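A.B. asks: quick one: sequence plus predicted model below, questions after.
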Amino acid sequence: MEFADSRSMPSQGIAATELRSTARGRRRAFAIAASVVAIGSGLWSLGASAQSNYPDKMIRMVVAFSAGGPNDVMARVVAQKMSDILGQQVIVDNRPGAGGMIGTDFVAKSPADGYTLLFASVPFVTAPSMYKRPTYAVERDFIGVSKVAVSPIALMVKPGAPYKNVGDLITFAKANPGKLNFASGGVGSTPHLAMVLFQDLTGAKLNHVPYKGGAPALTDLMGGQVDIMMDSFTTTLPYIEQKKVSVLAVGDSKRAAKLPSVPTMVESGVNGFVMNHWVGVVAPKQTPKPVVDKLNAAVNQALKDPAVRDRLVGLGAEPAGDSPQQFQAFLKGEVERWQKVAKDAKVELE
């Protein structure tokens, strides 16, 4: 008769215990994994449901400038029609300050759920290049929804100015560097950067006179206190139509429908000068694609409405509209373009 070695029995018991422990551990791990999957599935389902039900409450459209200005008026025209289309109120929330940085930063830090949007314009892409400590980056913090409208930039001179075309102006400016003054709504404003670009492309040397806002700058141009100014039709059109200023050229790639006899900058010999004032809608970067697509559809539908189109045209703007991908690519190009202009002009703001 053979007897088992008593020394092997404890090790067999330990092995069995370890096997049972391992089995329990596997069952526990499986249960935890199943729970995680269930929770994740539930969260995904909730997220998908929230997106499919979007919007189910009020949407805030931030304008980073004061009420009553061209951007604000255009935002309200579009927001009102979007409210009808989406079935939820789209309100305009003015948050001015720091050249648009305050309102833009507010949207960048808002939840990416489609309920806080920014009605952006040219300063949205120029400001980060000029401030020492920018609080946002366009491509890092935002996603494009849709371009809304564009407004031609007009090169204007004071009443009675001797220059009949852009060539005359450039010739005089080159022969008399620093003698001509140009007005803007402030250092780093769109009219300022437009004139910086003009000087870069033509070699003209002009003296900058910054004002606290576009209105006083335009007033002094009409009064003859300054010689030149560039600004968009949305700001200047009534005064142009009343012939209180003379327009030498427009900055768009094609002639303006409102001023078909006025040449473009390129037609006037300023190669490479293509610029207009644009406005569009952007959202925080991580906003879900279904939400962005629904907003894009609402904007484009609003822009097809005859009343909306007529109102925008009356303000001096042309309705635009595009896809999120097209607008995002446009924003990328604008950031790169104005970074160079701001750097060349050595514009730096606190």
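C.D. replies: Perfect, I can see it now. Numbers count the residues shown, from 1 in each chain.
A.B. asks: is Val150 bridged to anything, and to what?
C.D. replies: Trp278, Glu318 (DSSP bridges).
A.B. asks: that one and Trp278 touch, don't they?
C.D. replies: Yes - counting by Cβ atoms under 8 Å, Val150 touches Trp278, with 4.7 Å between them. The way it works is simple: take the backbone N, C-alpha and C, and place the C-beta from them, glycine included.
A.B. asks: if I look at the two, which residues touch both of them?
C.D. replies: Residues within reach of Val150 and of Trp278 at once, by Cβ atoms under 8 Å, 6 or more residues apart in numbering, are Ala320.
A.B. asks: more neighbours: which of these two?
C.D. replies: Trp278 (23 against 20; other Cβ atoms under 10 Å).
A.B. asks: what about the more buried one, distance to Asn207?
C.D. replies: Relative to Asn207, Trp278 is positioned 28 Å away (Cβ to Cβ, to the nearest Å).
A.B. asks: quick one: secondary structure of Gly160?
C.D. replies: Look at Gly160: counting by DSSP: H, G, I helix; E, B strand; the rest coil, its state is coil.
A.B. asks: how about the residue nearest to it when sequence neighbours are not counted, what does it touch?
C.D. replies: Spatially, and ignoring its direct neighbours in sequence, Gly160 is nearest to Gly224 (7.3 Å; Cβ to Cβ, 6 or more residues apart in numbering). Each residue near Gly224 by Cβ under 8 Å, 6+ apart is listed here: 158-160.
A.B. asks: what about Ser261, neighbour count?
C.D. replies: Look at Ser261: counted by other Cβ under 10 Å, it has 7 neighbours.
A.B. asks: confirm it sits in a strand?
C.D. replies: No - applying three-state DSSP, one finds Ser261 to be coil, outside a strand.
A.B. asks: now it. Its backbone dihedrals?
C.D. replies: phi -90, psi -10 (degrees, to the nearest 10).
A.B. asks: and the gap between it and Asn276?
C.D. replies: Distance of Ser261 to Asn276, given as Cβ to Cβ: 18 Å.
A.B. asks: find the nearest non-adjacent residue to Asp56, please.
C.D. replies: Gln88 (7.1 Å).
A.B. asks: got the contact list for the one you found?
C.D. replies: 55-59 are the contacts of Gln88 under Cβ under 8 Å, 6+ apart.
A.B. asks: could you redo the last one with a cut-off of 10 Å?
C.D. replies: 54-59, 82, 115 (Cβ atoms under 10 Å, 6 or more residues apart in numbering).
A.B. asks: any idea whether it is helix, strand or coil?
C.D. replies: coil.
A.B. asks: gap between it and Val78?
C.D. replies: With Cβ to Cβ as the criterion, Gln88 and Val78 are 15 Å apart.
A.B. asks: Asn176 now?
C.D. replies: In terms of Cβ to Cβ, Asn176 sits 45 Å off from Val78.
A.B. asks: which of the two has more neighbours?
C.D. replies: Counted by other Cβ under 10 Å, Asn176 and Val78 do not tie: Val78 has more neighbours, with 28 against 12.
A.B. asks: isn't that one right up against Leu303?
C.D. replies: Yes - applying Cβ atoms under 10 Å as the test, Val78 and Leu303 come out as touching, 7.5 Å apart.
A.B. asks: anything in contact with each of those two?
C.D. replies: When contacts are counted by Cβ under 10 Å, 6+ apart, Val78 and Leu303 have 146, 148-149, 312, 319 as shared neighbours.
A.B. asks: reformat those as JSON lines; add pLDDT, distance to Leu331 and neighbour count.
C.D. replies: Shown next, in JSON lines, are those (pLDDT from 0 to 100; distance: Cβ to Cβ, whole Å; neighbours: other Cβ atoms under 10 Å):
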{"residue": "Ser146", "pLDDT": "98", "distance to Leu331": "11", "neighbour count": "24"}
{"residue": "Val148", "pLDDT": "98", "distance to Leu331": "13", "neighbour count": "29"}
{"residue": "Ala149", "pLDDT": "97", "distance to Leu331": "15", "neighbour count": "27"}
{"residue": "Leu312", "pLDDT": "96", "distance to Leu331": "20", "neighbour count": "24"}
{"residue": "Pro319", "pLDDT": "96", "distance to Leu331": "19", "neighbour count": "21"}
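A.B. asks: name the element the residue nearest to Met230 when sequence neighbours are not counted belongs to?
C.D. replies: Of all residues not flanking Met230 in the chain, Ala194 sits nearest, at 4.2 Å (Cβ to Cβ, 6+ apart). Secondary-structure assignment from DSSP states H and E places Ala194 in helix 190-202.
A.B. asks: what pairs with the helix or strand following that helix, and is each one parallel or antiparallel?
C.D. replies: Counting by DSSP H and E, the element after helix 190-202 in chain order, helix or strand, is strand 207-210. Strand 207-210 pairs in its sheet with strand 181-184 (parallel), by DSSP bridges.
A.B. asks: confirm that Leu331 sits in a helix.
C.D. replies: Yes - the assignment for Leu331 is a helix, going by three-state DSSP.
A.B. asks: tell me who's in contact with it.
C.D. replies: 120, 124-125, 138-139, 142-144, 147, 278, 280, 282.
A.B. asks: sec struct for Met156, please.
C.D. replies: Here Met156 is recorded as strand under three-state DSSP.
A.B. asks: spatially nearest residue to it (excluding sequence neighbours)?
C.D. replies: Per Cβ to Cβ, 6+ apart, closest to Met156 is Val245, 4.4 Å.
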